[in-house]
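**Q** predicted structure and sequence below. I'll ask about it afterward.
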Amino acid sequence: MPTKKVCRPAGLYLDAHQRAYVWAHKALRYRRAGKFAQAKTAARKALLWLRKVPAMESLAAQKKPSSRHLARIKR
């Protein structure tokens, strides 16, 4: 059985992973420096970007993602 061609928003997916990694790295740096309030904020932002990844995976399962949905995720 032939496989279906799926439109994958790879750019958004990779962007979310990279942003989560950057914010996690910032959180670690802030914790080492003793700036716990900034570390907590950075950790929350990392988790925010990690929560967006499953939404992007569901978009990858769709044939054609809607532009409105992509705009909501890109924020």
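**A** Perfect, I can see it now.
**Q** got a list of what Ala43 touches?
**A** Going by CB atoms under 8 Å, 6 or more residues apart in numbering, Ala43 touches 23-24, 27. Quick note: C-beta positions are derived from backbone N, CA and C, even for glycine.
**Q** in helices only, show me the residues you listed.
**A** Taking DSSP state H, the ones among the contacts of Ala43 that sit in helices are 23-24, 27.
**Q** I'd say Ala27 and Phe36 touch.
**A** No - if you go by CB atoms under 8 Å, Ala27 and Phe36 don't touch, sitting 10.0 Å apart.
**Q** overlap in contacts of the two?
**A** By CB under 8 Å, 6+ apart, no residue touches both Ala27 and Phe36.
**Q** the two: which has the busier surroundings?
**A** Ala27 (21 against 10; other CB atoms under 10 Å).
**Q** which residues does that one contact?
**A** So Ala27 contacts 39-40, 42-43, 46 (CB under 8 Å, 6+ apart).
**Q** got a pLDDT number for the closest residue to it other than its chain neighbours?
**A** If the residues on either side of it in the chain are set aside, Ala27 comes closest to Ala42, at 3.8 Å by CB to CB, 6 or more residues apart in numbering. Here the pLDDT value assigned to Ala42 is 97.
**Q** ok, now which ones touch Ala42?
**A** 23-24, 26-27, 30.
**Q** the bottom helix or strand of the chain by mean pLDDT?
**A** Lowest on mean pLDDT, DSSP states H and E among the helices and strands of the chain sits helix 67-74, with a mean of 60.
**Q** can I get the contacts of Ala42 in TSV with pLDDT and distance to Arg51?
**A** Shown next, in TSV, are the contacts of Ala42 (pLDDT from 0 to 100; distance: CB to CB, whole Å):
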residue	pLDDT	distance to Arg51
Trp23	95	12
Ala24	96	13
Lys26	97	17
Ala27	97	15
Tyr30	97	21
